[in-house]
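Chemist: sharing a sequence plus its predicted fold:
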Amino acid sequence: MSLRAPRARARARARAPPALASSSSSSSPIPQTASAMLASASASLIALASSASASTYTGRLSMSLLLPIEQRRSDFTQTEAIDYPESDTRILQTAVDCANVLLQNLGCDTAEASLKRLSEDGGAIVFAPVGAKSKVPGAQRIAVAVLPNADDLPALKRYAENDQWGTKTKPMILVTPQWNPGGEGYNVVSDFGFGPWRAANEKFVDSFSLAYALVERRIGAASTLDATGDNMGRGGVARLVFGGSTSNEPWSVWAMGGDGSSALIGTLASSVAGNNKPPPYAEIEQLFRDAGTAASLRTRRSGQARSLEDKLEEKVGESGSVADWSLMSTAEVAAALRAGTVTSGDVASWNKDVCRRACDALDLSSAGKVEALRERIVAAMEKETSEAKK
């Protein structure tokens with residue numbers, strides 16, 4: 001029995017073109033995993049709250065994250081959508097898992113955390129007390145609201161006005177809001193209502209400063225095929241990273257390959273000075289044009305570079321951030337198994353999703369109850385260890 005790359009990673013990967021692969025000191029790195037994204041997000045928040053310019057820090061922060069869902073469950077770098085979207089319940093649970101890891105990275109005691117829904121069809125909010133190893137100056141408790149929509153605004157306002165959430169002692173963090181504010185890049189009609197109601201909602205939302213963002217944009221005909229089966233034009237998929245502690249921090253723009261590769265093609269300022277919103281579509285599109293075909297999916301769809309599992313295997317345990325198996329992609333689980341860092345105790349804590357990813361990496365059947373899957377995985381690991389000693 002030998003470990004193999006998961007089916008979702010069967011395709012070969014392309015190396016980033018040498019001219020595009022280097023990054024500058026002013027650019028934010030592109031996370032390869034959900035754990036790396038959350039580590040960067042927490043580091044940016046801590047820097048914002050602790051910097052010399054912390055006088056502008058009010059305790060109201062926001063983040064836009066790429067949740068490890070759907071195609072990103074197999075490989076966080078994947079950009080091709082799967083055929084069957086996941087349920088809202090599963091997506092919300094993943095968002096809550098991300099919130100717990102973020103809170104742990106900030107030094108909170110998540111064992112004492114509480115969870116509440118903001119509305120019946122909306123997001124959720126996690127409250128956690130700050131532990132002895134708090135990394136956010138002055139904070140006593142921290143709240144993280146995940147996937148809030150416009151219907152959740154009344155609840156968020158009540159927490160802010162009645163319970164003083166969103167202050168330096170009780171920071172409130174909005175993670176990946178789902179509302180449509182209207183304007184460029186959004187639907188024409190805003191979710192915030194009209195007249196004074198819209199103005200009040202916009203004022204509340206704008207009181208939250210962006211601490212970190214990792215967002216994805218499709219540029220041009222990124223996946224459109226012509227009559228020959230090739231990709232048309234020079235479009236592509238961009239991931240934009242914002243991770244600074246000032247409003248003047250640029251957005252790093254990365255061209256993503258259909259094979260999981262990435263290349264930095266430039267940095268751009270926010271769409272409006274001081275608001276930290278993503279750069280406009282036209283400017284991102286111009287970066288792709290300037291980079292030429294090297295940035296498009298047309299020439300970034302196949303290659304001979306090492307797989308993500310190979311690269312992750314070399315870095316297992318190096319991140320220093322909180323490890324949460326439920327957020328790890330199939331590629332990460334496979335890398336940990338191949339590196340030999342998984343213990344039977346780890347397996348005992350795995351839920352069924354993680355067990356299925358491990359079964360895929362070990363070429364085992366993923367049918368049955370979670371207890372049976374755990375036993376199957378441990379037996380395979382023990383067999384692999386005994387064979388390696390021969």
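Modeler: Perfect, thanks for sending it.

Chemist: average pLDDT across stretch 363-378?
Modeler: Stretch 363-378 shows a mean pLDDT of 94.

Chemist: that stretch: which residues count as buried?
Modeler: Across stretch 363-378, burial judged by 16 or more other C-beta atoms under 10 Å covers 364, 373, 374, 376, 377, 378. Where C-beta positions appear, they are placed from N, C-alpha and C, glycine not excepted.

Chemist: got the phi and psi for the third one?
Modeler: Geometry field for residue 374 lists phi and psi as phi -60, psi -40, criterion degrees, to the nearest 10.

Chemist: contact partners for it?
Modeler: Residues near residue 374 by C-beta atoms under 8 Å, 6 or more residues apart in numbering: 347, 348, 350, 355.

Chemist: out of the residues you listed, which are buried?
Modeler: Buried members of the contacts of residue 374, counted by 16+ other C-beta under 10 Å: 347, 350, 355.

Chemist: the last one against residue 370, yeah?
Modeler: To tie it back to what came earlier, the one meant is residue 355. Yes. Counting by C-beta atoms under 8 Å, residue 355 does reach residue 370; the two are 5.9 Å apart.

Chemist: on that earlier part again, from the buried ones among the contacts of residue 374, which land in helices?
Modeler: 347, 355 (DSSP state H).

Chemist: can you list the buried ones among the contacts of residue 374 in CSV and add distance to residue 126?
Modeler: Formatted as CSV, the buried ones among the contacts of residue 374 follow (distance: C-beta to C-beta, whole Å):
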residue, distance to residue 126
347, 27
350, 22
355, 25
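
Chemist: of the buried ones among the contacts of residue 374, just say which sits nearest to residue 64.
Modeler: residue 350 (29.0 Å; C-beta to C-beta).

Chemist: surely that closest one is in contact with residue 325?
Modeler: Yes. Contact status for residue 350 versus residue 325: in contact at 5.7 Å, counting by C-beta under 8 Å.

Chemist: helix/strand/coil for residue 334?
Modeler: helix (DSSP: H, G, I helix; E, B strand; the rest coil).

Chemist: so for residue 187, what's the pLDDT?
Modeler: Per the predicted model, pLDDT is 57 at residue 187.

Chemist: cool, and residue 106?
Modeler: So, for residue 106, pLDDT stands at 94.

Chemist: so who does it touch?
Modeler: 42, 45, 46, 130, 134, 135, 136, 139, 142.

Chemist: now with 7 Å, please.
Modeler: By C-beta atoms under 7 Å, 6 or more residues apart in numbering, the contact set of residue 106 is 42, 45, 135, 136, 142.

Chemist: please narrow the residues you listed to those residing in helices.
Modeler: Those of these lying in helices (DSSP H): 42, 45.

Chemist: any low-confidence regions in the protein?
Modeler: Residues of the chain meeting the criterion pLDDT under 70: 1-27, 52-55, 182-188, 221-235, 244-248, 258-259, 271-275, 293-323, 390.

Chemist: list the contacts of stretch 77-96.
Modeler: Under C-beta under 7 Å, 6+ apart, the answer for stretch 77-96 is 32, 67-72, 115, 123-124, 126, 146-147, 175-176, 216, 237, 256, 258, 260, 262, 308.

Chemist: can you list the buried residues in that stretch?
Modeler: 77, 78, 79, 91, 92, 93, 94, 95, 96.

Chemist: what is the end-to-end distance of it?
Modeler: This stretch, stretch 77-96, spans 21 Å end to end (C-alpha to C-alpha, to the nearest Å).

Chemist: cool, and stretch 340-356?
Modeler: Termini of stretch 340-356 sit 18 Å apart (C-alpha to C-alpha).

Chemist: what does stretch 50-63 give?
Modeler: 17 Å.

Chemist: now do the buried residues in it.
Modeler: Quick answer for stretch 50-63 (16+ other C-beta under 10 Å): 57, 59, 60, 61, 62, 63.

Chemist: can you map out the helices along the stretch 101-250 of the chain?
Modeler: Per DSSP state H, counting those that start in this stretch, the stretch 101-250 of the chain carries helices over the ranges 153-162, 195-206.
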